[in-house]
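[1] Sequence and predicted structure, then a few things I'm wondering about:
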Amino acid sequence: MAVGFYGDLFRPAGQYLSDDIPPYTARDVEDGFERELLAAWWRAASEVDPGVVAPDADGTMPATPQSVQAALRALSGSKFFANLALRTVVADLKQVRAYLTVQQVREQARTRVAAQIGEDTQVVVAHSLGSVVAYEALCALPGHKVRALVTIGSPLGIRNLVFDRLQPAPAGTGRQLRGAWPGSDQLVWTNLAGTGDVVALVKDLRPLFGERLHSALLSNGTHAHDATSYLTDALCGRAIAEGLG
């Protein structure tokens with residue numbers, strides 16, 4: 001088993017030897033991508049958790065520090081984000097933005113993952129943002145022999161913010177827009193999404209990547225996005241085992 005690590009790419013200069021997350025606050029959430037993703041998380045959390053106050057009915061969130069604070073405050077009361085510090089939520093926003101908008105970071109992360117995929121690699125398991133990195137890495141490795149891709153807690157289906165920014169770019173237009181298949185016709189792709197997983201906003205990826213993708217909905221409890229919750233589910237184990245079989 002090999003692990004593609006790229007976490008240090010998201011740490012500020014001078015922080016590479018530390019596990020500490022910078023003391024981010026609401027004021028560190030930047031306009032544009034970060035604010036839009038935060039708003040999407042807020043809306044998703046309000047839909048699956050009755051304890052979360054929904055954002056404005058029209059779905060907008062003005063670009064002001066007060067509105068960002070309101071979003072973070074609402075999310076802090078959700079089951080999904082209950083165990084996460086505010087600075088961790090902001091750090092996650094910045095990691096996703098950095099990967100999808102800074103090409104150098106994207107290429108470095110993708111290269112590290114691709115380096116772990118050899119001739120004998122049969123299964124790739126990828127969680128959260130890692131599913132985006134793994135997907136793009138496989139797409140950029142023509143002729144690879146990976147038999148199974150298992151994505152868990154994936155944000156791949158979020159339109160505009162993630163899906164439309166993928167490399168290679170999805171082909172087609174409108175409802176016919178389709179993402180590239182990340183391997184040969186023999187590759188089996190299984191996507192698992194927790195019912196309460198806010199990061200996996202789009203639970204069924206088949207409309208975006210094709211009907212041959214295997215899609216499953218899991219009940220992960222209050223730790224809906226935790227990789228352990230996914231990896232200990234029988235469906236996840238079966239997908240991995242079949243890829244190794």
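    Everything's here; your move.
[2] Would you mind listing the buried residues in the lowest-mean-pLDDT helix or strand in the chain?
    When the helices and strands of the chain are scored by mean pLDDT, DSSP states H and E, helix 65-76 comes last with a mean of 76. By 16 or more other Cβ atoms under 10 Å, the buried positions in helix 65-76 come out as Ser67, Val68, Ala70, Ala71, Leu72, Ala74, Leu75. Placement of C-beta: from N, CA and C, glycine included.
[3] Among these, find me the one that's closest to Val105.
    When those are ranked by distance to Val105 (Cβ to Cβ), Val68 comes first, at 23.2 Å.
[4] quick one: Val150 is in a helix?
    No: counting by DSSP: H, G, I helix; E, B strand; the rest coil, Val150 is not found in a helix; it is strand.
[5] these two touch, right, it and Gly243?
    Yes: at 7.3 Å, Val150 counts as touching Gly243 under the criterion of Cβ atoms under 8 Å.
[6] what's the overlap in contacts for these two?
    Val123 (Cβ atoms under 8 Å, 6 or more residues apart in numbering).
[7] Which one of the two is surrounded by more residues?
    Counted by other Cβ atoms under 10 Å, Val150 and Gly243 do not tie: Val150 has more neighbours, with 28 against 19.
[8] Run through the bridge partners of that one.
    Residues in a beta bridge with Val150, per DSSP bridges, are Val125, Thr190.
[9] show me where the protein has helices.
    33-48, 65-76, 86-101, 103-114, 129-139, 206-209, 227-231, 234-244 (DSSP state H).
[10] Out of the buried residues of helix 65-76, which comes closest to Ser128?
    Leu75 (16.4 Å).
[11] Poorly predicted segments of the protein, please.
    Applying pLDDT under 70 to the chain flags residues 11-21, 56-66, 81-85.
[12] if we can go back for a sec, can I get the helices of the chain in a markdown table with distance to Asp197?
    Output for the helices of the chain, formatted as a markdown table (distance: least, Cβ to Cβ, whole Å):
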| stretch | distance to Asp197 |
| --- | --- |
| helix 33-48 | 9 |
| helix 65-76 | 14 |
| helix 86-101 | 13 |
| helix 103-114 | 22 |
| helix 129-139 | 12 |
| helix 206-209 | 17 |
| helix 227-231 | 9 |
| helix 234-244 | 13 |
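[13] out of the ones you listed, deepest packed?
    Across the helices of the chain, the average number of neighbours (mean count of other Cβ atoms under 10 Å) peaks for helix 129-139, which reaches a mean of 24.
[14] Report the angle between that helix and helix 86-101.
    20 degrees (axes from the mean of the first three to the mean of the last three Cα atoms, to 10 degrees).
[15] what's around Leu187, how many residues?
    That count, for Leu187 with other Cβ under 10 Å as the rule, works out to 18.
[16] That one is in contact with Arg147, isn't it?
    Yes: between Leu187 and Arg147 there is a contact under Cβ under 8 Å: 6.5 Å.
[17] how much space between Ala148 and Pro207?
    According to Cβ to Cβ, to the nearest Å, Ala148 and Pro207 sit 21 Å apart.
[18] contacting residues for the closest residue to Thr151 other than its chain neighbours?
    Leaving out its chain neighbours, the residue that sits closest to Thr151 by Cβ to Cβ, 6 or more residues apart in numbering is Ser131, at 4.0 Å. Ser131 sits next to Thr151, Ile152, Gly153, Ser154, Pro155, Leu156 when contact means Cβ under 8 Å, 6+ apart.
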